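Trainee: Predicted model and sequence follow; I will ask about them next.
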Amino acid sequence: MRSHRVAYATYLLVLLLLASRISGQTPNQGVPLTVIARDGRRTLPISDVQGHPMVGLDDLASLFQLQIREDAAARAVTATYKNQTLVLTPDQSLVSASGRLVSLPAPLTRQGRRWLVPIEFISRALAPIYDARIELRLASRLLIVGDLRVPRVVAQYDGTPASLRVTFEIAPRANAVVTQEPGKADLHDILLAI
């Protein structure tokens, strides 16, 4: 039953994202990530810092059991998971991940009492050291933790002044029913094979 709720929530999230794109809007950078894991679903807040989506290291620490330590003398912040350490330097967009350098699109930034990292930190620096699979689907604001099968929905649309054609690719395969009324089309009853 839980897998059906997760699948339904994912379906709704994808449709909302699609609706915002079809109407010409871009997704709000402040929209939180939806985190899906075996133990349930939660949200991870996103902050916009100079046009880039960022997440709080404190939020990542509670979600992924990280130990965060600030070393003022070395001007560095460390995030440790088990025996793996990530070293971040304020105002630099490089992370030392257990001895290898990882580039990020924006630097570690302090906002009030919190340290923020670019959202890509999750997939580029944290995922390689974590002992469970982490998949970041940035376009759909989805973070999958563990070996879960969450359908990926890709929508393409072609519009003319007289019509709109929308094509969905759903993987893994799912059944869908489309109903159409004058000026309106609904996609519903998707049965997801999770």
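Mentor: Okay, I see it. Numbers count the residues shown, from 1 in each chain.
Trainee: can we go C-alpha only for contacts and neighbour counts from here?
Mentor: Fine.
Trainee: The chain: helices as residue ranges?
Mentor: 2-22, 57-64, 121, 127-129 (DSSP state H).
Trainee: Lowest average confidence across the ones you listed, which one?
Mentor: Mean pLDDT values for those show the minimum at helix 2-22, a mean of 50.
Trainee: which residues does Arg110 bridge with?
Mentor: Trp115 (DSSP bridges).
Trainee: can I assume it is in contact with Leu116?
Mentor: Yes. When contacts are counted by Cα atoms under 8 Å, Arg110 is listed as touching Leu116 (6.1 Å).
Trainee: Any stretches of the chain with poor pLDDT?
Mentor: Applying pLDDT under 70 to the chain flags the ranges 1-30, 151, 171-172, 174, 176, 183-194.
Trainee: Would you check that Gln65 makes contact with Ala79?
Mentor: No. Using Cα under 8 Å, Gln65 is not in contact with Ala79; the gap is 9.8 Å.
Trainee: if you skip the residues just before and after it, what's nearest to Asp71?
Mentor: Using Cα to Cα, 6 or more residues apart in numbering and skipping the chain neighbours, the partner closest in space to Asp71 is Val77 (6.0 Å).
Trainee: So that neighbour sits against Gln92, correct?
Mentor: No. Checked against Cα under 8 Å, the pair Val77 and Gln92 is beyond contact range at 11.5 Å.
Trainee: ok, these two, which is more surrounded?
Mentor: Set Val77 next to Gln92 and count neighbours by other Cα atoms under 10 Å: Val77 wins out with 20 against 14.
Trainee: which residues does Val166 bridge with?
Mentor: Tyr157.
Trainee: Can you get me a residue count around it?
Mentor: Using other Cα under 10 Å, Val166 has 10 other residues around it.
Trainee: So what's the residue count around Arg100?
Mentor: So Arg100, with other Cα under 10 Å, has 10 neighbours.
Trainee: ok, what's across the strand from it?
Mentor: Assigned bridge partners for Arg100, using DSSP bridges, are Ala97.
Trainee: Find me whatever residue is spatially closest to Ala79, sequence neighbours aside.
Mentor: Ala79's closest residue in space is Ile68 (Cα to Cα, 6+ apart), at 4.6 Å.
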